[in-house]
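Student: quick check, what structure comes out for this input:
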Amino acid sequence: DVPVPVSGGHKFSTVSAGGLFTCGRTTVGSVYCWGRNSDGQLGDGTTTDRLVPTAVAGSFASLRTGSIHTCGVATDESALCWGWNFHGQLGDATTTGRTAPVAVSGDLSFAELSAGFAHTCGVLANGSAYCWGFNGTGQLGDGTTTQRHTPVRVIFP
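Tutor: Residues are numbered from 1 along each chain as shown. From the prediction side, this is the model:
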């Protein structure tokens, strides 16, 4: 197999590969996603699989893909997520899947995010960390195994 260029002539500054889909952030902050879209993880408002990059609404400083969800830090430092949300990994206080970006609850200003299989974590400019979503093995760092649908602060001993 030989690598092939992504169509559309976009100049990407980063790409993030999820489960059966990929998203990329261009040098001007636009996000495009392509591949499997069963749960809206491409963020284009549909559940239609895409063979070429498809635009996501908004302007982003960074983005990360999970298994079947995507989250990004918008240029205003808010966090937006979309896709599968069975465990609350989108952080919008629901377990409703989203086909387009929705704001993460809590009015927090994020510097960076990381998306796992069914949870998401972020770091604020002051270095504090917050996580949300599935927590069956304590991966949210809040001292519990309780699933969280909104960000909870990671506890340091």
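Student: give me phi/psi at residue 31?
Tutor: phi -120, psi 140 (degrees, to the nearest 10).
Student: and what of residue 138?
Tutor: According to degrees, to the nearest 10, residue 138 has phi 80, psi 20.
Student: residues near it, how many?
Tutor: 11 (other C-beta atoms under 10 Å). Placement of C-beta: from N, CA and C, glycine included.
Student: go on, the one 10 residues further on?
Tutor: A count of neighbours around residue 148, defined by other C-beta under 10 Å, yields 21.
Student: so it bridges to which residues?
Tutor: residue 133 (DSSP bridges).
Student: show me the contacts for the closest residue to residue 65 other than its chain neighbours.
Tutor: Distances taken as C-beta to C-beta, 6 or more residues apart in numbering place residue 18 nearest to residue 65, at 3.3 Å, with adjacent residues excluded. By C-beta atoms under 8 Å, 6 or more residues apart in numbering, residue 18 lies in contact with 35, 41, 65-70, 115.
Student: can you give me the strands in this structure?
Tutor: 12-17, 21-26, 31-35, 50-56, 60-65, 69-74, 79-83, 98-103, 110-115, 119-124, 129-133, 148-153 (DSSP state E).
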